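**Student:** generate a structure from the sequence data that follows.
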Amino acid sequence: MVNIGNNKSIGVIDIGSNSVHLVIGEYRNNEYFRIVDDVKVNVRLSQGMAETGSLSQERMDYGEETLRMYKNMLDTYQVDKVMAVATAAVRKADNGQAFVDRIRETTGIDIDIIPGTTEAAMDYLGVVNTIDIADGVMMDIGGGSVEFVLIKNRRMAGAISLPFGSIDLTERFGLRDRVKAGNIAALEEFLEDSLSEVKFFKEARGLPVVGVGGTIRNVGRIHRRLVDYPLEIAHNYRMDYAAVAKVCDMAAAMDLEERRGLKGLSKGRSDIFVGASQALKKVMEILGSGELIISDAGLRDGLIFKYFGDDESNLVGNVFDNSLVNTMLNYDVNIPHAYHVYGLAQKLFSQLAPLHKIEDDVYHIVKASAMLHDVGIKIQYSNHHEHSFYLILNAGLQGISQKALLMSAFVALNHRTNKKVKVDAEYGTLLTDKDRARIETLSLFLQIAEYLDRSMDGIVKDVSCTILEDSVEILVLSSTHSVFADMIIAECGKKFKRVFGKNLKIKNKVIGGA
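**Tutor:** Below you'll find the predicted structure:
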């Protein structure tokens, strides 16, 4: 991120066809960013536009009322910079500019009516700066338009905006309540014809679809309810094509009242869900895509990234590391201690590979758990490892799979106990016995590394592990003698014996110097 001078807080207003959304964020100490408020109102600006071509007086009044409330919130937070954009509904409406002028006069909010290609570009920035993906097709279907971006090697290789969305499809094909077979057939014909305009689909065969927007988030949430998924995290949730088709077809077979009772589908979207979800399904069919990756980041996030200088010419270099550092700064983590513990844990993992025999890539788990193992101190020192578990799961860490995130939280939770890892029943569907064994091994390495830097002054410079027949000897090279050896044996010896079937021995060698 770049230095933004005196602008330390930002408000972003996204005026869409279905909802009007406000996000307020703070950039603290010119170091890290955090969201402090997030509110959305389903204004339905584009309702009825299919017949008239104009925004109705009723919808505009509701939009103005909503934006007045947002202006009060922005003033209360004393926001330094406000960016307001309007998308498809205002863009397509005959009286869209008149609505923007009215809002400027009554609230003082300046609204930029952005073209679909700009909307797509901002969606793209939100996605590639928060999800570790090199190639894919981004799809954002809103109330009045759908945007596609071809992502190749993290770069935007093609972009297009088509002038239909969930509200348009609902009104045009009669999809609000009980859906007739003929309506679905007409919808599919329309989608196939419209999507033929996306020329870069031909070079995107087999790529995953990265889904943005409320409809696609709802697809993921419905699926999580269906499979009793233990985490309520939308970002980077992944589904195969069969799971997507199941959700979309199940919703299409319901009438409005049944969809209102469908777990995971928001009430404000139940009447406009069928058309947009079928469009997602059709896109995956055309691409032969086997995976949907759901992004909780999109247009608003892209605007924020662009404002802070993380645009296409300067993308976030490493999504995971960037998010990890931002999280540590947010929670006042002792960063030198965290890095030192991570380095020691990584060395133990590498040198004891013949014992643990973990061949899969656990880099994200080792690093996230080590760097954030003390994050729970922000809540309370006593039992802070338990608080760390919750915070790691819910801090919005990006660039890491949801399963690896959960395992990282369990590693941090177990780094202060000798007891065998226990996984609550609610997480049982996500973690295998093999995963539990890995958590126990990695938490052991983290526990030893934590004790090696228990004085938090970095006196331990290196470790060298020797695997013997009935024991493992860790030679600790430090700048001065310490009492950590006895502490490690007392606190970690039993766990080490249980995990590896060998006794743990510690030797210290003072090498002098800082």
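**Student:** per-residue pLDDT of R91, please?
**Tutor:** You'll see R91 listed with a pLDDT of 95.
**Student:** from G376, how far off is the residue nearest to L45 when sequence neighbours are not counted?
**Tutor:** In this structure, L45 finds its nearest non-sequential neighbour in A89, 4.1 Å apart by CB to CB, 6 or more residues apart in numbering. C-beta here means a position set from N, CA and C on the backbone, and glycine is covered the same way. A89 sits 44 Å away from G376, going by CB to CB, to the nearest Å.
**Student:** with V12 instead?
**Tutor:** 31 Å.
**Student:** then N314?
**Tutor:** On the measure of CB to CB, N314 and G376 end up 34 Å apart.
**Student:** cool, and I489?
**Tutor:** From I489 to G376 the distance is 26 Å (CB to CB).
**Student:** those two: which is more packed in?
**Tutor:** G376 (23 against 16; other CB atoms under 10 Å).
**Student:** quick one: residues contacting L187.
**Tutor:** Going by CB atoms under 8 Å, 6 or more residues apart in numbering, L187 touches L169, F173, L175, G275, Q278.
**Student:** do I have it right that the first one meets D271?
**Tutor:** No - counting by CB atoms under 8 Å, L169 stays clear of D271, with 11.6 Å between them.
**Student:** what about the two, which has more around it?
**Tutor:** Neighbour count, other CB under 10 Å: between L169 and D271, L169 has more, with 25 against 17.
**Student:** do you know the pLDDT at the more buried one?
**Tutor:** Predicted confidence (pLDDT) at L169: the value is 95.
**Student:** once you drop chain neighbours, what's closest to it?
**Tutor:** G275 (2.8 Å).
**Student:** for that neighbour, the count of nearby residues, please.
**Tutor:** Residues near G275, counting by other CB under 10 Å: 29.
**Student:** would you check that it makes contact with F173?
**Tutor:** Yes - under the criterion of CB under 8 Å, G275 makes contact with F173 at 6.3 Å.
**Student:** rewinding a little: show me which of the contacts of L187 is closest to M239.
**Tutor:** Checking the contacts of L187 against M239 with CB to CB, the nearest one is Q278 at 15.5 Å.
**Student:** and the pLDDT at the closest one?
**Tutor:** pLDDT recorded at Q278 is 98.
**Student:** quickly find the element holding it.
**Tutor:** Element membership for Q278 (DSSP states H and E) is helix 273-287.
**Student:** and the strands in this protein?
**Tutor:** Assigned by DSSP state E, the chain shows strands spanning 9-15, 20-28, 32-41, 81-86, 111-113, 136-141, 146-152, 155-162, 209-212, 237-240, 291-294, 460-467, 471-478, 503-510.
**Student:** paired strands for the longest one, with orientation please.
**Tutor:** Based on DSSP bridges, the strands next to strand 32-41 in the sheet, each with its direction, are strand 20-28 (antiparallel).
**Student:** now do the buried residues in the partner strand.
**Tutor:** V20, H21, L22, V23, I24, G25, E26, Y27 (16 or more other CB atoms under 10 Å).
**Student:** who does the nearest residue to V325 once chain neighbours are set aside form a beta bridge with?
**Tutor:** Computed as CB to CB, 6+ apart, the closest residue to V325 that is not its neighbour in sequence is Y32, at 7.5 Å. Applying DSSP bridges to Y32 gives these bridge partners: R28.
**Student:** residue contacts, Y32?
**Tutor:** Shown in contact with Y32 (CB under 8 Å, 6+ apart): V325, N326, L329, N330.
**Student:** could you dump those to CSV with distance to I511 and neighbour count?
**Tutor:** Formatted as CSV, the contacts of Y32 follow (distance: CB to CB, whole Å; neighbours: other CB atoms under 10 Å):
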residue, distance to I511, neighbour count
V325, 30, 16
N326, 35, 19
L329, 32, 16
N330, 36, 18
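**Student:** from those residues, which land in helices?
**Tutor:** Among those, the members falling in helices are V325, N326, L329, N330 (criterion: DSSP state H).
**Student:** no further queries at this time; thank you.
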